[in-house]
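[1] Prediction below, plus the sequence it came from.
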Amino acid sequence: MVFFEVKKHKSGGISSKNMKAKLKRKWLFTLCPAVVGCMAACWLDKADPELPVIVTRFDIASVLLIVGILLSILLFIHHWRSENVQKQYEKLIENEGIEHRQFLRRLDHELKNPLSAITTRVATINNAVGPTPYEINMEPQDQIKEIQQMVFQIDEQTCRIKRLVSDLRKLSELETCTLEYSSVEIDRILQQFFEDLKKNPASKHKKILLTVPKTPWTLPKIWTDEDLLYLVLQNLTDNAVKYTQKDDTIEIRAHEIHDQVMIEVADSGIGIPENEFENIGNELYRARNSRGIPGYGLGLSIVKTIIRRLEGEFAIRSKEGAGTVVSIQLPKWNGEA
C-alpha cells in the first residue's frame, strides 16, 4: 500500500519550474474570452457604427463584451477551484511522504536494536568456541553458562523481530481482509474479556473493573465482525495492562449512545505526554515515557485500522501521570442481516 503510493507520487511528479509555467499559461488562458470580446466589440463599432440592436439597451458589441467577460469569470472560477484541488492533493502526497519516512525511521530503530544485540552475541560466541576456546579468562563451566545466556538472548531478540514482522503483516492484512458481519452480544464479549483479564498474570496486582448497564435494560447487540472486535479489545486491554503499575486500576465500560454502542478501556497508568498526543496511533510510534516498556507501537495502529474498516469511531483521552481512556463506537444491530 505504502509502496504503491510512493511510486505513484514519483511517476506523477512535476518539477517546480514546469509547474509554475503551466499555472501561468492557465491563468493567461482565462483572459482570452474577455480579450476576444473586446476586440470583436471594437471592430464592430468601427466597421458599422449603426449596429442592429438586440434589445432596447444592448447592441451586439455590448453583448459580445459581456459574454466574453462572463466566460472569463467562469474560467477564472474553474481554474481557481482546480488549483485549490491540486494544492490539496500535493499537500496530501507531501504528508503521506513525511509519514512514510517517519515510519521507515521508526522501523529502522525497532529492528536495529535487536539485530545489534544478535550480532554482538554471535560474535562473542564465535570468539568463545573458535580455534582457541579458552583464551578468554573463564573456567569451562562459566564459559558454557555465558554461552547459554547469550544463546537465550539471541533467541529472545529473534522472537522479538518475529513478533514485530508478524504484527506488521497483520496490520497490512487488516486493510484488505474480508469482513464477516454478524449481530454480536457485546455483554458476552465484555464479560469474557473481563474474566480473561483477571486471569492474566500481568494484571494480578491490579484492580480490574467491568461496568455495563443492567437496568432498565442491557446493552443492545451490535453489527460488527466479532473476530476483529475481539482483536480490538485484546489490544486495548493489553495496552492497559502494559502501561499500569501495581495497584493501578483498569476499567472496561460500555453504554448506549443513540444508534451506537460506546466501549471504553480506561486505566490509571502512565498516560501520554500532551506534546506527543497527535502522533499516538501512528505505526511504530511510542511516547517517550514508554520507551522502557516492551512493545512496538502497533497496538493502537491495529485498533484504528479495524475501527475505520468497521465504519466506527475511535477516540483517545489521556493525561500524563493520570491515565488513559480509549473509546470506540460501533453501530447497533437494526434487526436486519
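    Received, thanks. Quick caveat: nothing in here was measured; it's all calculated off a predicted structure. Numbering: from 1, shown residues only.
[2] can you pull out the helices in this structure?
    Under the criterion DSSP state H, helices of the chain are mapped to 2-11, 16-30, 32-47, 60-128, 140-174, 186-199, 226-242, 299-309.
[3] quick one: which of those helices has the weakest pLDDT on average?
    Looking over these, mean pLDDT reaches its minimum on helix 2-11, with a mean of 33.
[4] Tabulate the helices of the chain in CSV, adding columns for mean neighbour count and distance to Ser268.
    For the C-beta atoms, the positions are set from N, CA and C on the backbone; glycine is no exception. Listed next are these as CSV, based on neighbours: other Cβ atoms under 10 Å; distance: least, Cβ to Cβ, whole Å:
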stretch, mean neighbour count, distance to Ser268
helix 2-11, 11, 36
helix 16-30, 11, 52
helix 32-47, 15, 68
helix 60-128, 14, 28
helix 140-174, 14, 26
helix 186-199, 16, 15
helix 226-242, 20, 10
helix 299-309, 20, 18
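[5] possible to save those helices as TSV with distance to Arg317?
    Below are those laid out as TSV (distance: least, Cβ to Cβ, whole Å):
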stretch	distance to Arg317
helix 2-11	29
helix 16-30	42
helix 32-47	55
helix 60-128	23
helix 140-174	24
helix 186-199	20
helix 226-242	13
helix 299-309	13
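[6] now for these, which one comes closest to Gly321?
    Across those, Gly321 has its closest neighbour in helix 226-242 (15.8 Å, Cβ to Cβ).
[7] Report all helices and strands that that closest one contacts.
    strand 181-184, helix 186-199, strand 249-257, strand 260-267, helix 299-309, strand 323-331 (3 or more Cβ pairs under 8 Å, 6 or more residues apart in numbering; DSSP states H and E).
[8] got CSV for those, with distance to Gly292 too?
    What follows is the helices and strands packed on helix 226-242, written out as CSV (distance: least, Cβ to Cβ, whole Å):
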stretch, distance to Gly292
strand 181-184, 37
helix 186-199, 23
strand 249-257, 20
strand 260-267, 18
helix 299-309, 17
strand 323-331, 17
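[9] of all these, which lies closest to Val122?
    helix 299-309 (30.5 Å).
[10] Could you check the angle the closest one makes with strand 260-267?
    180 degrees (axes from the mean of the first three to the mean of the last three Cα atoms, to 10 degrees).
[11] Please save the CA atoms from helix 299-309 in PDB.
    The C-alpha coordinates for helix 299-309 follow below in PDB (Å, rounded to 0.1, in the frame of the first residue of the first chain):
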ATOM      1  CA  GLY A 299      -1.400  -1.900  19.100                       C
ATOM      2  CA  LEU A 300      -3.300   1.300  18.600                       C
ATOM      3  CA  SER A 301      -2.500   1.300  14.900                       C
ATOM      4  CA  ILE A 302      -4.200  -2.000  14.600                       C
ATOM      5  CA  VAL A 303      -7.200  -0.700  16.600                       C
ATOM      6  CA  LYS A 304      -7.600   2.400  14.400                       C
ATOM      7  CA  THR A 305      -7.400   0.400  11.200                       C
ATOM      8  CA  ILE A 306     -10.000  -2.100  12.400                       C
ATOM      9  CA  ILE A 307     -12.400   0.600  13.600                       C
ATOM     10  CA  ARG A 308     -12.100   2.500  10.400                       C
ATOM     11  CA  ARG A 309     -12.900  -0.600   8.400                       C
END
